[in-house]
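Novice: One predicted model, sequence on top.
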Amino acid sequence: MKVKVMDIPDEGVAVDIDIMLRVDGIETKGPVRGHLELQRSGTEVIVNGKAKVDLGLQCGMCLSEFTSELPLDLNLLYCPEGAPVLEDSVELSTGEMDVCLYSDEEIDIAQMLREQVILNVSISAVCSDSCRGLCPVCGVNLNMESCNCKNTSGEGRFFKLKDLLMKAN
């Protein structure tokens, strides 16, 4: 879905989105849905809105597959490629919004959403706050079953850090 910048009226335009995305390395489980407001000021466009998408993720602790909703709060300033950003031309300063570039006098909404999914997906997703992870000895998923392993070294994984802390004091 593309929007021609010069077709955006002075009063702005509202866009409801329901777009299936393909994002390399990220599994989307359904369309991105939401609502956007586009406001043009000369050649600059402010995009505000909210969207959400369900993602298929792998837990960083127990390696289980799970689905999680990713909310997207969008507050973007689009400028034409090669044009300087004029801070006085927008209500919010550029420090409060992400600055993006567009070319060919149009904004690709699907590309914008794709970029926002990539930027907002968690690199250390966890299936739940109570995830117990994997046993460091036998590798069993401790959320599914228990094991009788004992840490044979008698030292936890932070033992060396504790030792350094004791030496520092």
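Specialist: All right, it came through fine.
Novice: Keeping just the C-alphas, turn the longest helix belonging to the chain into CSV.
Specialist: Counting by DSSP state H, the longest helix found in the chain is helix 109-120. This file holds the C-alpha atoms of helix 109-120, laid out as CSV (Å, rounded to 0.1, in the frame of the first residue of the first chain):
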residue,chain,number,x,y,z
ILE,A,109,3.0,1.9,4.2
ALA,A,110,3.9,-1.8,4.0
GLN,A,111,7.6,-1.0,4.0
MET,A,112,7.1,1.3,7.0
LEU,A,113,5.3,-1.4,9.0
ARG,A,114,7.9,-4.0,8.0
GLU,A,115,10.7,-1.7,9.3
GLN,A,116,8.8,-1.0,12.5
VAL,A,117,8.2,-4.7,13.2
ILE,A,118,12.0,-5.4,12.7
LEU,A,119,12.9,-2.5,15.1
ASN,A,120,10.4,-3.5,17.8
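Novice: Can you mark which positions in it are buried?
Specialist: 109, 112, 113, 114, 116, 117 (16 or more other Cβ atoms under 10 Å). C-beta: built from backbone N, CA, C; applies to glycine.
Novice: Helices of this structure, residue ranges please.
Specialist: With helices called from DSSP H, the chain shows them at 109-120, 159-168.
Novice: before we move on, the earlier item: work out the gap between the longest helix of the chain and the centre of the chain.
Specialist: Counting by Cα atoms, centre = their mean, to the nearest Å, helix 109-120 is centred 8 Å from the centre of its parent chain.
Novice: repeat for stretch 132-148
Specialist: Distance, centroid of stretch 132-148 to centroid of chain: 30 Å (Cα atoms, centre = their mean).
Novice: go on, stretch 31-51?
Specialist: Here stretch 31-51 is found 17 Å from its chain centre; the criterion is Cα atoms, centre = their mean.
Novice: just stretch 23-34 next, same as before
Specialist: 11 Å.
Novice: Would you mind listing the residues in contact with the residue nearest the centre of the chain?
Specialist: Note on the chain: the residue nearest the mean C-alpha position is residue 120, at 1.1 Å, using Cα atoms, centre = their mean. Neighbour list for residue 120: 70, 72 [criterion: Cβ atoms under 8 Å, 6 or more residues apart in numbering].
Novice: give me the beta-bridge partners of the closest residue in space to residue 12 that isn't next to it in sequence?
Specialist: Closest residue to residue 12 apart from its sequence neighbours, by Cβ to Cβ, 6 or more residues apart in numbering: residue 39 at 4.1 Å. Beta bridges link residue 39 to residue 46 when assigned by DSSP bridges.
Novice: what about the longest helix of the chain, average pLDDT?
Specialist: Regarding helix 109-120, the rounded mean pLDDT is 89.
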